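Trainee: Model the following, please.
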Amino acid sequence: MYIADTHSDTLYAMGVQHAPADRLMITPERLRQGGVTLQVFALWTGGKGNKGDVAGIVRSELSQVPGLIAAGLRQVTDPADARDGEQCFMLSVEGGEVFEPGLHTVQLYRDKGVRMAALLWNNENALGYPAKSGDRRGLTDYGLQVAREMQRVGMAVDVSHLNETGFYDLFAKTDRPPMASHSCCRALCDHFRNLTDEQLRLMIREGGFVGVNFYPYFLSENGKADAALVARHIDHICQLGGAEIVGFGSDFDGIETTPDNVRHPADIPNLLDELRRLGYDDAAIAGIAGENLKRYFARIA
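Mentor: Residues are numbered from 1 along each chain as shown. This next block holds a predicted model:
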């Protein structure tokens with residue numbers, strides 16, 4: 001089965017925090033054990049946003065890529081290029097600060113293999129406003145220019161961390177559906193980082209993509225979670241009509257706690273078992289596990 005995970009912070013943990021291998025959630029061996037075909041590694045711009053050393057942080061993260069390749073992971077620039085039975089990775093960006101120097105930077109990151117980028121993390125920047133801020137302003141003019149340029153070069157616009165006004169701006173003012181690489185359902189857990197049913201229905205109608213986050217505090221208001229609860233968030237999106245636009249967006253190595261029995265990629269089979277318990281057949285599970293992501297990228301090409 002082709003299995004994809006659309007968000008992790010492993011490169012930051014390795015390149016900036018210098019975490020030893022035994023402290024990482026994602027390792028090549030665990031990807032193999034869990035049968036994960038495609039792992040997306042984010043280039044995070046750091047907790048200080050544009051007030052920090054964005055270039056230095058990203059450079060340190062990129063320095064880890066050769067080691068991943070040496071460990072047997074193959075870099076791809078399209079989910080369709082990853083094959084079931086092997087372990088591949090694709091790069092993303094988390095934080096539009098990398099694009100602040102000018103529109104030309106979008107192509108520069110596309111040339112590095114980046115195929116998806118979140119315009120915001122939790123800090124305001126030149127592109128827009130994060131969900132965390134509570135700000136109701138939409139994307140800036142420059143943010144819309146960046147989003148359109150991303151779409152022109154075939155880079156998915158990622159709305160995880162973006163505020164609601166900015167989210168709706170993308171649908172009203174650009175021509176390709178965005179994705180949420182690591183977000184959950186607000187109907188099940190009322191957290192500002194989660195998507196409302198209205199947002200989810202728009203994603204479904206327009207052909208976007210949602211990778212469900214594994215962070216317990218996005219899954220449950222008391223922070224108690226397991227594979228069954230992750231499956232419930234996936235099921236909620238499916239019940240809204242989104243069986244063909246939902247997948248996995250773990251946030252491994254970017255979260256300090258995990259669901260009890262989904263601690264790392266080797267535990268992904270536990271999540272697949274929970275989907276089976278909810279009545280999903282092999283074809284539906286194959287879609288959720290990874291085929292939906294391949295189809296999303298084909299739609300925005």
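Trainee: how about the helices in the stretch 51-200 of the chain?
Mentor: Secondary structure of the stretch 51-200 of the chain, counting by DSSP state H, counting those that start in this stretch: helices at 54-62, 65-70, 104-111, 141-152, 164-173, 197-206.
Trainee: Can you redo those as a markdown table, where the extra columns are mean neighbour count?
Mentor: (Each C-beta comes from the backbone N, C-alpha and C, glycine too.) A markdown table is the format used below for these (neighbours: other C-beta atoms under 10 Å):
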| stretch | mean neighbour count |
| --- | --- |
| helix 54-62 | 18 |
| helix 65-70 | 14 |
| helix 104-111 | 16 |
| helix 141-152 | 20 |
| helix 164-173 | 18 |
| helix 197-206 | 18 |
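Trainee: Adding mean pLDDT and distance to A283, write these out as CSV.
Mentor: Formatted as CSV, the helices of the stretch 51-200 of the chain follow (pLDDT from 0 to 100; distance: least, C-beta to C-beta, whole Å):
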stretch, mean pLDDT, distance to A283
helix 54-62, 98, 36
helix 65-70, 98, 31
helix 104-111, 98, 33
helix 141-152, 98, 30
helix 164-173, 98, 29
helix 197-206, 98, 18
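Trainee: Could you count how many residues lie near Q64?
Mentor: Neighbour count of Q64, defined by other C-beta atoms under 10 Å: 17.
Trainee: right, and the helices of the stretch 51-200 of the chain - which one's nearest P130?
Mentor: Proximity to P130, assessed across the helices of the stretch 51-200 of the chain by C-beta to C-beta, is greatest for helix 164-173 (8.7 Å).
Trainee: if we can go back for a sec, put together JSON lines for the helices of the stretch 51-200 of the chain, with distance to A118 on each row.
Mentor: Shown next, in JSON lines, are the helices of the stretch 51-200 of the chain (distance: least, C-beta to C-beta, whole Å):
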{"stretch": "helix 54-62", "distance to A118": "14"}
{"stretch": "helix 65-70", "distance to A118": "19"}
{"stretch": "helix 104-111", "distance to A118": "12"}
{"stretch": "helix 141-152", "distance to A118": "11"}
{"stretch": "helix 164-173", "distance to A118": "11"}
{"stretch": "helix 197-206", "distance to A118": "15"}
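Trainee: For F89, find the nearest of those helices.
Mentor: Per C-beta to C-beta, nearest to F89 of these: helix 65-70, 6.2 Å.
Trainee: Quick one: list the elements packing against that closest one.
Mentor: Applying 3 or more C-beta pairs under 8 Å, 6 or more residues apart in numbering; DSSP states H and E, one finds that helix 65-70 makes contact with strand 74-75.
Trainee: List the contacts of the strand it packs on.
Mentor: Contact with strand 74-75 is made by V65, L68, I69, A82, E86, Q87, C88, F89, M90, L91, G113, as judged by C-beta atoms under 8 Å, 6 or more residues apart in numbering.
Trainee: number of nearby residues for the residue lying closest to the third one once chain neighbours are set aside?
Mentor: Think I69. Counting by C-beta to C-beta, 6 or more residues apart in numbering, Q75 is the residue found nearest to I69 once chain neighbours are left out, at 6.4 Å. Per other C-beta under 10 Å, the neighbour tally for Q75 reads 17.
Trainee: do the one 4 residues further on as well
Mentor: Neighbours of P79 under the rule other C-beta under 10 Å: 26.
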